[in-house]
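Participant: Coordinates only, no sequence provided:
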């Protein structure tokens, strides 16, 4: 859905079924059903969703909080949570991936399980399933210029982990300038320019509900006292849904946080830590603005691919090689270089979060109106373990997410976190996953 | 040997009061080379009695890549992490005429792999000669033969306490995730804890291992035998107070541990022996050892040469030379060089149900199942010999 | 109309049963007579399973229904009764709307149109009121389980017209028309209206469409098909012969198994699996797969015994025949001798397993996450199989004997529970509840067999109704011979079909039906035919008060037992 909510005529084409016939403006009133006057300023801010992936997991002894529940201790590898982000973050430990007799494809199965709820039969495939971010995109991505935005600061990692099925993975921009051009180049409309029109899909939704309501009186007359209360509750629920739609039809508050950024300069394409960090910094800013300027509501970010080939300047082995070849330091109890690179990877996630949290928006920050899933592909890269893959949910989700907790479980499927993310993002989904990862149990502790 | 067996029988006879057929079946939940770690606990790379200088250091790609035809500038190029894909591609080509030295290791120099110099090893006194082998078990049984351990025991990834080496954790992870399944069936006619006439079998299963909610190999799962002679063997054993041992050295075959299906599938031990403890919670734990074709051991590593060299820093040709050096059995009649090397595996198993290949009945007494090997297996064994 | 009245007389004529209680309850009669023909006398929210099955039957089994259903409410032991008092919340409305939109989108997608459309629109790019009317009429009738009224249809055609015109896409309009129908109360609820017949047994007969729905949901757990609706439209269904013809057709179909499965899923409270958890440290074999298969195992066992083999209902307490998977065999610690996903299995005679009470479903659902609970099992057994509800314990119970230091001395649950005997308040209920639970103590919280607890051999002797029995087998035999068990099944079947408990003025009907069941040798298919032919099934009693979920109901997600387990 590429039509901009800011160009009234353009959306009226396409949205209603991809046809070429334009909608005459006066006819909008038919859909408004006499409610045209309700259009006023003050629609609620949408819940944005971002998935942030980094490759090769974290260091087993260095990222799990010791304390369970609220006010958990901040472990060394999650140092970026200090200074307030911890209150907005739920850390999930002890979750696992149920293979159900399928092979574990190193560096792939864990990520695929989280995103699709199933361990794929084939490597580098999702068994043609769609990843759950697309479900969120369908639910909250409406009305923006881009259904979702995919990006990666790692050169060449242009295949994201987002798919709408058929194992077609969305392309990610891998240079800051390319991302800038896509977001703020040609076709960009400043949301504060005042050129606003209601989303005709919402208008259609309202019309559907009014046909449902039309029959109310007849049914009411026919219904005895015993069932009237329930009938009334049904229609009250319809009215509440209508009120929600009314809010969506009101002109949104100006995107006060939206500042069109400057075009960044690309560095030579390299995979070393400084280049990735540079790209990450610029891309985080661009993405934050893309969200603040209502260009998209969904972001899929791949810091590095699962087999991360990021390297420290001067090193011959890349990160992935270090995880397999570097001995465990007897005194430290972990692989020091691998752990350093894990610090850098998850630090990139921290930078992403801080960038969102630094943008004031409405009654809080952009992060308060967003939900970010940080996750990886493996629990311990050295042995390709798919137990205890790091997963974090960050952001207020417009008040729905009760962060600040460390949730530790025995060996529940990772899909519980995926389901929770979808519900927090506002998707009407009741279950997720297949086989032993099928779940209808979200983590209610983190749901306000 | 014969006298030993008779002596054991004499001991157990009085306790063999119950005499009815019994059967036990298991699925192997761990298999790893039985290497002794002489370093401090939980510090795999640290020096220890086994390897006083610590883990065998990587030779370094710079040194490994050096050939008479490769320019220093090229080597410098490959040393830049940005060019890693190119390094991966060319690493194997370092013979005098660009040959692949993983396939032809003798075309590369022996850079030396430090052997185990400790005095303790797990395994068996395979030649019944206390003067050979040079190892004793931790319990003090002398004459232990374990040439494989001596050759490879100082590799970083092989070192560690039982069940703790990086290699063991990794490779068993693949097995547990379903790459292959190894079964054991035992039967006898007396007391299961004391029986002098036990039939012991290794099979490979058709089904994948099932893991439980704790990520361990689930108990009490049913498996059907894969009718494949390559990974199947039946030997005579005896049980004394819950310790299972072969009655006489025998050929033992079973499904080898593996990272992937390209690796050789079969362990074939000549003069093989086994010793397992039956554990109170129903499992088995112990060792199986014998003499194995050392070139198969080399090939197993070399088909994954990239992993060994890129990710573990081990020079493949040097490993070849080390195995050749420590091979201790089966001399080639022509060259006089030993073709087999002594070794032992550590195995652990949990209770399971084992059924016939058609899954119709329980295998309560081990017997040979010699149907055609499954096509998947044929593919697995198709690795060309070097 | 006169034909219908005639038909109802016919029904009366063949149903002396129903006449028997006719004059017994004047107040209800007065109540029922207050309902005029066409008046709404019942609103039963579709269960999640009914919603899914209805959509599959109407639009195709490949339509994905994704969404969160409102929690179902269990009343009088059944979700089917709870559904008659269930409402739609604001959050639920959002879900229903989203599901409706998604179903409509899929149903009108390009690839499905050939199958979907009864007509060809003049142009795919413009409104076509004639074709829209024809299509919405066809599917509206199936969704509402009755023909649409003219204004109901007109509103959707108008909507479709507007959307088709604006979008330049005929199918976009149709899609919104479907969305509207799928969101309407007439689809989400089975709205039942009073018929024109005379009261039966003091209860108001429902009209032909409600009759069709009750029949269809009871026997197939889905929406009435075209034939059944036609029988309702012509009035055929109100004649004994017409009704019988439909009963014969529905019960002869293999889909009867779906109806029986749905009923037992409800009665055995198997939806508790959706919210079950087991401590993996104690029960590493437990997984979602095991849970799903355990639920299916029980349903397969029941359907096989009662429908396919036309067995004696009471054998569900004693039969060793069941179905197994490799995963379930692991929990039961038996070999799985099959290559198929499911295989029939008979437990060996000495295995300790017999009947549904020794299946993972019952044993694990009515346990704590980490330990078994004779009390929970006893309460559930009484409630589910004997229709006897155990009252909640008093609030001021002293648990010191069963918890804390004293408990550590007592190694088995039996020893801990014996503390109840010393307290009269406790003993009044626990003496009823604990014995059957104690007989099942050789099965742990997951349903695995064990002989010892904390090193102590578990004693499974118990006494109930003055009879001493031992273990699960003894308990099964006892229940097999207990006449309250089949009577309870009959009560539940009636309640499930009629949407109200078989209490008060319906009690005599239930008793008479129980007699029929007994005389028929406890065979379910034959009994279902008899039940379906009984006019009492097609009546409504207006409840005096609004039946919103409240203090008297229990949310399905919870355990049926509010009685506190004392072994904790």
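Facilitator: Everything's here; your move. For clarity, every value in this text was computed on a predicted model and none was experimentally measured.
Participant: In stretch C:454-466, which residues are buried?
Facilitator: C:458, C:459, C:460, C:462, C:464 (16 or more other C-beta atoms under 10 Å in any protein chain shown). Backbone N, C-alpha and C define where each C-beta goes, glycine included.
Participant: Touching that stretch from outside, list them.
Facilitator: For stretch C:454-466, contacts defined as C-beta atoms under 8 Å, 6 or more residues apart in numbering or on different chains pick out C:411-412, C:414, C:432, C:434-436, C:438-442, C:450-452, C:468-472, C:474-475, C:478.
Participant: how about a cut-off of 6 Å?
Facilitator: Outside stretch C:454-466, the residues that touch it by C-beta atoms under 6 Å, 6 or more residues apart in numbering or on different chains are C:411, C:412, C:414, C:435, C:438, C:439, C:441, C:442, C:470, C:471.
Participant: need the contact list for the last one.
Facilitator: In this structure, residue C:471 makes contact with C:439, C:460, judged by C-beta under 6 Å, 6+ apart.
Participant: ok, now the fourth one?
Facilitator: By C-beta under 6 Å, 6+ apart, residue C:435 lies in contact with C:462, C:463, C:464.
Participant: And residue C:304, how close does it get to chain B?
Facilitator: Residue C:304 is 21 Å from chain B, where distance means C-beta to the nearest C-beta, to the nearest Å.
Participant: Number of residues surrounding that residue?
Facilitator: 17 (other C-beta atoms under 10 Å in any protein chain shown).
Participant: Correct me if wrong, but it is in a helix.
Facilitator: Yes - counting by DSSP: H, G, I helix; E, B strand; the rest coil, residue C:304 falls inside a helix.
Participant: Show the pLDDT at it.
Facilitator: With respect to pLDDT, residue C:304 scores 98.
Participant: Residue C:67 touches residue C:93, doesn't it?
Facilitator: No - Residue C:67 lies out of contact with residue C:93 (C-beta atoms under 6 Å); the separation is 11.6 Å.
Participant: ok, those two, which is more surrounded?
Facilitator: residue C:93 (26 against 22).
Participant: Isn't the more buried one up against residue A:237?
Facilitator: Yes - with contact defined as C-beta under 6 Å, residue C:93 reaches residue A:237; the gap is 3.6 Å.
Participant: Which of the buried residues of stretch C:454-466 fall within strands?
Facilitator: C:462, C:464 (DSSP state E).
Participant: which residues touch the nearest residue to residue A:436 once chain neighbours are set aside?
Facilitator: Leaving out its chain neighbours, the residue that sits closest to residue A:436 by C-beta to C-beta, 6 or more residues apart in numbering or on different chains is residue A:98, at 3.2 Å. Residue A:98 sits next to A:413, A:436, A:437 when contact means C-beta under 6 Å, 6+ apart.
Participant: what's the spacing between residue B:308 and chain C?
Facilitator: From residue B:308 to chain C the distance is 34 Å (C-beta to the nearest C-beta).
Participant: Same check on residue B:282?
Facilitator: The spacing between residue B:282 and chain C, counted by C-beta to the nearest C-beta, is 11 Å.
Participant: Surely that residue and residue B:351 touch.
Facilitator: Yes - applying C-beta under 6 Å, one finds residue B:282 in contact with residue B:351, separated by 4.6 Å.
Participant: neighbour count winner among those two?
Facilitator: Neighbours were counted for residue B:282 and for residue B:351 using other C-beta under 10 Å; residue B:351 has more, 16 against 13.
Participant: interface residues of the stretch 51-200 of chain C facing chain A?
Facilitator: C:66-68, C:87-90, C:93-95, C:98, C:152, C:155, C:159, C:162-163, C:166-169, C:172, C:176, C:179-180, C:183-185 (C-beta under 6 Å from any C-beta of the partner chain).
Participant: Helices - which of the residues you listed land there?
Facilitator: Counting by DSSP state H, the part of these found in helices is C:90, C:93-95, C:98, C:152, C:155, C:159, C:162-163, C:166-167, C:172, C:176, C:179-180, C:183, C:185.
Participant: all strands of chain C, in order?
Facilitator: Assigned by DSSP E, the strands in chain C fall at C:40-45, C:73-74, C:189-193, C:204-205, C:321-324, C:343-346, C:452-453, C:456-457, C:461-464, C:467-470, C:539-540, C:554-555.
Participant: Turn those into JSON lines, including distance to residue A:137 and mean pLDDT.
Facilitator: Below are the strands of chain C laid out as JSON lines (distance: least, C-beta to C-beta, whole Å; pLDDT from 0 to 100):
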{"stretch": "strand C:40-45", "distance to residue A:137": "31", "mean pLDDT": "92"}
{"stretch": "strand C:73-74", "distance to residue A:137": "34", "mean pLDDT": "85"}
{"stretch": "strand C:189-193", "distance to residue A:137": "32", "mean pLDDT": "94"}
{"stretch": "strand C:204-205", "distance to residue A:137": "50", "mean pLDDT": "91"}
{"stretch": "strand C:321-324", "distance to residue A:137": "41", "mean pLDDT": "98"}
{"stretch": "strand C:343-346", "distance to residue A:137": "43", "mean pLDDT": "97"}
{"stretch": "strand C:452-453", "distance to residue A:137": "53", "mean pLDDT": "82"}
{"stretch": "strand C:456-457", "distance to residue A:137": "58", "mean pLDDT": "85"}
{"stretch": "strand C:461-464", "distance to residue A:137": "58", "mean pLDDT": "86"}
{"stretch": "strand C:467-470", "distance to residue A:137": "60", "mean pLDDT": "89"}
{"stretch": "strand C:539-540", "distance to residue A:137": "46", "mean pLDDT": "92"}
{"stretch": "strand C:554-555", "distance to residue A:137": "32", "mean pLDDT": "39"}
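Participant: can you map out the strands along the stretch 1-150 of chain B?
Facilitator: B:22-33 (DSSP state E, counting those that start in this stretch).
Participant: quick one: is stretch A:234-244 near chain C?
Facilitator: Yes - counting by C-beta under 6 Å from any C-beta, chain C has neighbours in stretch A:234-244: A:234, A:237, A:240, A:241.
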